[in-house]
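K.L.:
Quick one: sequence plus predicted model below, questions after.
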Amino acid sequence: MLIKHLLEAKRCAAIDIFYLNLDERLLLPLFQSTSLLIDFLNFGSNHHRKYVFIDEFQKIPHAGNFIKALFDLKLPVKIIVSGSSSLEMAKNKETLTGRKQIFFVYPFSFEEFIDYENPELAAIENLELTKKNLQQLFLKYITYGGYPRILLEDNIEKKALKLKEIHSSYLEKDILNFIKIENIEKFNKLIYLLA
């Protein structure tokens with residue numbers, strides 16, 4: 001949405017907008033030093049502001065320090081970073097003090113979930129008349145959660161696969177690696193009980 005806004009409303013040239021998804025491992029060498037990234041951005045004679053979107057920013061070694069060093073060069077560049085590992089991103093916040101604006105993207109609340117699934121139901125003032133519908137929606141909400149990616153999927157099998165992938169990525173990789181869990185079996189039992 002931001003890139004579309006820059007292209008259409010702000011009339012930025014496409015050559016000044018970069019989207020770098022660090023799930024693509026081939027892009028990681030650009031982040032070995034700030035000079036490599038600056039060369040890639042090709043400021044040259046073009047003094048227009050560059051817009052650099054870095055997704056999965058936590059995959060950059062010492063990501064916070066890297067972005068800080070780039071920011072401190074005072075180049076005409078706006079850097080927008082995002083990532084799926086809030087734990088890893090949190091480690092980089094302190095090095096960017098005074099240089100960042102944080103936006104949190106939360107899962108859908110139950111009210112937003114109802115509004116998406118059944119907009120007519122959300123508009124009804126007398127909810128007693130719709131108790132059965134609300135119970136069905138709440139069961140669906142507590143089963144699948146509020147992740148938009150899951151909510152937008154219609155196929156139940158694909159929903160289950162996506163939930164497994166989120167569980168695997170977030171719990172097994174991010175949390176286990178971040179807090180160095182020693183007894184994985186007990187940790188998994190705790191997660192099961194909490195669920």
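P.N.:
Looks like it arrived, so ask away. Numbers count the residues shown, from 1 in each chain.
K.L.:
Let me see the domain layout of this protein.
P.N.:
Domain segmentation of the chain under automatic domain parsing yields 2-96, 110-194.
K.L.:
Reformat the ones you listed into a markdown table and put distance to Phe104 and mean pLDDT next to each item.
P.N.:
Where C-beta positions appear, they are placed from N, C-alpha and C, glycine not excepted. Listed next are the domains of the chain as a markdown table, based on distance: least, CB to CB, whole Å; pLDDT from 0 to 100:
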| stretch | distance to Phe104 | mean pLDDT |
| --- | --- | --- |
| domain 2-96 | 9 | 86 |
| domain 110-194 | 13 | 82 |
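K.L.:
just how off-centre is the longest helix seen in the chain within its chain?
P.N.:
Longest helix in the chain by number of residues (criterion: DSSP state H): helix 131-144. Centroid separation between helix 131-144 and its chain, computed with CA atoms, centre = their mean, to the nearest Å, is 26 Å.
K.L.:
list the helices and strands the helix or strand just after that helix packs on?
P.N.:
Tracing the chain C-terminally past helix 131-144 and defining elements by DSSP states H and E, one meets helix 148-151 next. Judged by 3 or more CB pairs under 8 Å, 6 or more residues apart in numbering; DSSP states H and E, the packing partners of helix 148-151 are helix 110-117, helix 156-166.
K.L.:
Adding distance to Ala195 and mean neighbour count, write those out as a markdown table.
P.N.:
Converted to a markdown table, these look like this (distance: least, CB to CB, whole Å; neighbours: other CB atoms under 10 Å):
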| stretch | distance to Ala195 | mean neighbour count |
| --- | --- | --- |
| helix 110-117 | 17 | 16 |
| helix 156-166 | 11 | 13 |
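K.L.:
out of those, nearest to Arg25?
P.N.:
Closest to Arg25 of the helices and strands packed on helix 148-151, according to CB to CB: helix 156-166, at 18.6 Å.
K.L.:
Hey, what's the angle from that closest one to helix 131-144? Just curious.
P.N.:
Using axes from the mean of the first three to the mean of the last three CA atoms, to 10 degrees, the inter-axis angle of helix 156-166 relative to helix 131-144 is 40 degrees.
K.L.:
what comes into contact with helix 156-166?
P.N.:
For helix 156-166, contacts defined as CB atoms under 8 Å, 6 or more residues apart in numbering pick out Tyr144, Gly145, Tyr147, Arg149, Ile150, Glu153.
K.L.:
and these, which two are the farthest apart?
P.N.:
Taking CB to CB as the measure, these reach their widest spread between Gly145 and Glu153, a distance of 12.0 Å.
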